[in-house]
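Enquirer: Got a sequence here, can you model it:
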Amino acid sequence: QVQLVESGGGSVQPGGSLRLSCTGSGRTFSTVAMGWFRQAPGKEREFVAAISWGNGESRYADSVKGRFIISRDGAKTVSLQMNSLTPDDTAVYYCVNRIAPAVPWSGWGQGTQVTVSS
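Expert: I've put the predicted structure just below:
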């Protein structure tokens, strides 16, 4: 069974940093891209960042561009370095996987809470 397991969430003050990681597991795990979405209370889930396993190309939501960095750390792990955090970044962050080009994101992890407050 394929699973995505996130780690690294927590609480931080505005301006602080956190690093999230997500590792895929299972004998049949495969990926062409991994990424992150987030959902804040009372809001819809939104795209945050993604990275292609093939060419390393990354893309970001405008709201996090210049502050967050997504990276591939090994064959099955994606990380999200989050800097200059603001209260608007408070949300549950979900790791996602794409098993083939142009197919929907899948394998949503259990989510990890990120709270930014003073």
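
Enquirer: check contacts around the residue lying closest to residue 69 once chain neighbours are set aside.
Expert: Spatial nearest neighbour of residue 69, chain neighbours left out: residue 81 (4.4 Å); criterion: Cβ to Cβ, 6 or more residues apart in numbering. No exception for glycine: its C-beta is placed from N, CA and C like everyone else's. Each residue near residue 81 by Cβ atoms under 8 Å, 6 or more residues apart in numbering is listed here: 17, 19, 68, 69, 70, 71.

Enquirer: tell me which residues in the helix or strand hosting residue 81 are buried?
Expert: Residue 81 belongs to strand 77-82 when assigned by DSSP states H and E. Residues 78, 79, 80, 82 are the ones in strand 77-82 that count as buried (16 or more other Cβ atoms under 10 Å).

Enquirer: can I assume the last one is in contact with residue 70?
Expert: No. Residue 82 is beyond contact range of residue 70, at 9.9 Å (criterion: Cβ atoms under 8 Å).
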